[in-house]
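Peer 1: fold the following and give me the result.
(one chain, ligands or ions: 2)
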Amino acid sequence: MSLPQETIAQLATLLHDAERDVRDTVKITDAHPGLSIEDAYRIQDALRAHKQACGVRCVGMKMGLTSFAKMQQMGVDTPIYGFLGSDNAVDDGAAVEAAALIHPKVEAEIAFVLRDALQGPGCTPAQVLAATQCLLPAIEVIDSRYENFRFDLPSVIADNTSAARYVVGSRPTSPQGIDLETTGVVLEKNGQVVEVGAGAAVLGNPALAVAMLVDMLHARGQSLLAGSVVLSGAITAAVAVEAGDDVRVRIDGLGSTGLRFV
Ligand code: OOG
Ligand code: MG
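Peer 2: Ligands and ions are numbered 1, 2, ... in the order given. Modelled structure (predicted):
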């Protein structure tokens, strides 16, 4: 059962306002228990259109729940995608205002910057790497708009997969020289290592997560634009942060990136 466009727009406004006003809300499936995955993506599309009307540019896309660590942590079993707005981007090493977020968590990720556009169906990791201009170490700050970070799959898709902020490193690396499966990843908080992982934690290879994203977009008549930044999904579990925390991600062969919460 598909929701009327009016309801889709209302739910997108609810999530938009929750983010703007920094207050959590009950998950939308409480009021709409039969919400389908397709309708959840329609709400996400409406949220994106709403933000674009407010002057936000879509600078890329993100995959989510691509690792077993995250799927387990969140109690779900299918990858999902969301969009990255220009208002989500943070400069390498910059400060993030914690008071503008509800209950932020950080994740270590690998970012792909695309030279060429990618379109499904049947996108392969080899095609992804051929279209990639560079790889960058990344930190995603997620901030579910739902109470206690508790949600189900349709609710988190509608909420743009908890996207809030992201930072990428300033030194680009060509995808040629790097083995994305075995590369080691360390997430540090206040100088202490809090999570470790390897690229293969993301669906066996982060390039596969990007290929899967291309096919998921294709199924909805969309594609990845040239110049997009793509976050391929958390390699480790997400770690809660607060004002005063300093976070850094170090990735073998890709260098590091960081941000501070103030
Ligand atoms: C959903 C977003 C997950 C990732 O990298 O797995 C995500 C959430 O856990 O709130 O961004
Ligand atoms: Mg993420």
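Peer 1: residue 78 - how many residues pack around it?
Peer 2: 12 (other CB atoms under 10 Å). C-beta coordinates here come from the backbone N, C-alpha and C atoms, glycine included.
Peer 1: what's the span of stretch 198-215, first residue to last?
Peer 2: One end of stretch 198-215 sits 24 Å from the other (CA to CA, to the nearest Å).
Peer 1: what comes up buried for that stretch?
Peer 2: Within stretch 198-215, the residues scored as buried using 16 or more other CB atoms under 10 Å are 198-203, 205-214.
Peer 1: which parts of the stretch 151-262 of the chain sit against ligand 2?
Peer 2: Proximity of the stretch 151-262 of the chain to ligand 2 (CB under 5 Å from the ion) is limited to residues residue 234.
Peer 1: which residues of the stretch 151-262 of the chain lie near ligand 1?
Peer 2: Taking CB under 6 Å from any ligand atom as the contact definition, the stretch 151-262 of the chain meets ligand 1 at 156, 161, 162, 233, 234.
Peer 1: in helices only, show me the buried residues of stretch 198-215.
Peer 2: Among the buried residues of stretch 198-215, the ones falling in helices (DSSP state H) are 206, 207, 208, 209, 210, 211, 212, 213, 214.
Peer 1: and the residue of this structure nearest ligand 2?
Peer 2: Residue nearest to ligand 2 within the chain (CB to the ion): residue 140, separated by 3.9 Å.
Peer 1: who wins for neighbours among the residues of the stretch 151-262 of the chain next to ligand 1?
Peer 2: Top of these by neighbour count (other CB under 10 Å): residue 234, with 31 neighbours.
Peer 1: that one and residue 67 touch, don't they?
Peer 2: Yes. Residue 234 is in contact with residue 67 according to CB atoms under 8 Å; the separation is 5.7 Å.
Peer 1: overlap of the contact sets of those two?
Peer 2: Common contacts of residue 234 and residue 67 (CB atoms under 8 Å, 6 or more residues apart in numbering): residue 202.
Peer 1: picking up where we left off before, got the residues of the stretch 151-262 of the chain next to ligand 1 as CSV, with secondary structure and pLDDT columns?
Peer 2: As requested, those are exported to CSV (DSSP: H, G, I helix; E, B strand; the rest coil; pLDDT from 0 to 100):
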residue, secondary structure, pLDDT
156, helix, 96
161, helix, 98
162, helix, 98
233, coil, 97
234, coil, 96
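Peer 1: mind listing the helices for the stretch 101-250 of the chain?
Peer 2: For the stretch 101-250 of the chain, helices defined by DSSP state H, counting those that start in this stretch occupy the ranges 125-131, 153-158, 206-219.
Peer 1: format those helices as TSV; extra columns: distance to residue 117.
Peer 2: Listed next are the helices of the stretch 101-250 of the chain as TSV, based on distance: least, CB to CB, whole Å:
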stretch	distance to residue 117
helix 125-131	7
helix 153-158	23
helix 206-219	10
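Peer 1: to residue 58, which of these lies closest?
Peer 2: Among those, helix 206-219 comes nearest to residue 58, with 12.3 Å by CB to CB.
Peer 1: what's that closest one packed up against?
Peer 2: With contacts taken as 3 or more CB pairs under 8 Å, 6 or more residues apart in numbering; DSSP states H and E, helix 206-219 sits against strand 58-64, strand 80-85, strand 105-114, helix 125-131.
Peer 1: one more time with 10 Å
Peer 2: helix 37-53, strand 58-64, strand 80-85, strand 105-114, helix 125-131, strand 132-142, strand 229-231 (3 or more CB pairs under 10 Å, 6 or more residues apart in numbering; DSSP states H and E).
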